[in-house]
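K.L.:
Here is the input, now give the coordinates:
(one chain, ligands or ions: 1)
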Amino acid sequence: MTILDKIVANKKREVAAAKAKVSYTQLEESEYFHRETYSFKEFLLDENRTGIIAEFKRKSPSKGIINDQVTVKEVTTAYADAGASALSVLTDRNFFMGRKADLIRARQLNTIPVLRKDFMIDEYQVIEAKALGADIILLIAAILTPDEIKKLASLAKSLGLNVLLEVHNLEELQRSIDPNLDAIGVNNRNLADFTVSVQTSFDLAEHIPDEFLKISESAISNTNVIKELKKAGFSGFLIGENFMRQEDPGAAMREFVKDLRG
Ligand SMILES: O=P(O)(O)OC[C@@H](O)[C@@H](O)c1c[nH]c2ccccc12
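P.N.:
Numbers count the residues shown, from 1 in each chain. Reported below is the predicted structural model:
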């Protein structure tokens, strides 16, 4: 059983428990369920921002605890001030030490798009994402069939959510392309064995149709890589650990952006 299999098995139990605890009607009564979402594209392509999707991540299966000493407030507001185009907030509890309350908090405090970073396998989670204040959902090709992607993405679009599809290889990309997607993210980390290579993004770039925003995810730790990824057509850069492993993740991002712009 790979780690991804374990995460999905756990997620199925978690979703069943959430459904028993909070009904669809209750989700739809959330104030955020009716809000107008921010456009992912608009913030990514805004020249005054950086294209960086800055992630709040306390822990990961590959690295263990990264940083459990900082608050959602200090980190996400500093990320936004430093020029993040969007925030990514982990809501998986067991493997990433995330909480749904982290997403609500990030939403309350910021006026840029927020990505719900989780393992989406059920329509309930999409509705829940809107109710928690998300603007963007992540769909991971490795754990979904093309029909599931279509179903979850079209539901998300009907709620005004932006959809980011994550792929790790050409086969996943080609089978998963769907008109309801807004952005395609190439994960430089193989979720089956945790190996990382930014080359994965360069290899897949030309295969992503131009109507989708191109995002490079994971293992980005220097600004030269971003400059090269931009030349290859990428407009979004998802960065977690490189900032979160520092005592002050917001300050780390500020320095990084200074270097990127300098
Ligand atoms: O911390 P990194 O290497 O900068 O990576 C961030 C992000 O890409 C990574 O957390 C991620 C990418 N896809 C995921 C899917 C689920 C959980 C986490 C992820």
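K.L.:
Counting neighbours, what do you get for residue 169?
P.N.:
Applying the criterion other Cβ atoms under 10 Å, we find 15 residues in the vicinity of residue 169. For the C-beta atoms, the positions are set from N, CA and C on the backbone; glycine is no exception.
K.L.:
How about the contacts made by it?
P.N.:
For residue 169, the contact set (Cβ atoms under 8 Å, 6 or more residues apart in numbering) comprises 200, 204.
K.L.:
Find me the pLDDT at it, would you?
P.N.:
pLDDT, residue 169: 98.
K.L.:
try the one 4 residues further on
P.N.:
Residue-level confidence at residue 173 comes out at 98, pLDDT.
K.L.:
Contacts only, for it.
P.N.:
141, 167, 184, 204, 207, 208.
K.L.:
Could you tell me which of those residues are located in helices?
P.N.:
When DSSP state H defines the helices, the subset of those inside them is residue 204.
K.L.:
Generate JSON lines for the contacts of residue 173, with distance to residue 91 and neighbour count as supplementary columns.
P.N.:
What follows is the contacts of residue 173, written out as JSON lines (distance: Cβ to Cβ, whole Å; neighbours: other Cβ atoms under 10 Å):
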{"residue": "141", "distance to residue 91": "19", "neighbour count": "24"}
{"residue": "167", "distance to residue 91": "21", "neighbour count": "25"}
{"residue": "184", "distance to residue 91": "22", "neighbour count": "25"}
{"residue": "204", "distance to residue 91": "27", "neighbour count": "21"}
{"residue": "207", "distance to residue 91": "30", "neighbour count": "13"}
{"residue": "208", "distance to residue 91": "26", "neighbour count": "22"}
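K.L.:
which stretches of the stretch 51-200 of the chain have low pLDDT?
P.N.:
For the stretch 51-200 of the chain, no stretch is flagged by pLDDT under 70.
K.L.:
is the ligand contacted by stretch 234-242?
P.N.:
Yes - judged by Cβ under 6 Å from any ligand atom, stretch 234-242 comes into contact with the ligand through 238, 239, 240, 241, 242.
K.L.:
How about residues contacting that stretch?
P.N.:
Looking at what lies outside stretch 234-242 - Cβ under 8 Å, 6+ apart - the contacts are 44-45, 50-55, 57, 60, 63, 66, 85-86, 88, 183, 185, 201, 205, 213-218, 220-221, 226, 229, 252-253, 256.
K.L.:
just stretch 151-159 next, same as before
P.N.:
The contact list for stretch 151-159 (Cβ under 8 Å, 6+ apart) reads 120, 123, 126-127, 129-130, 137, 139, 144, 162-163, 165, 178, 180-181.
K.L.:
which helix is the longest one in this protein?
P.N.:
As assigned by DSSP H, the longest helix anywhere in the chain is helix 3-21.
K.L.:
helices and strands around that helix, which ones?
P.N.:
Packing partners of helix 3-21 (3 or more Cβ pairs under 8 Å, 6 or more residues apart in numbering; DSSP states H and E): helix 123-132.
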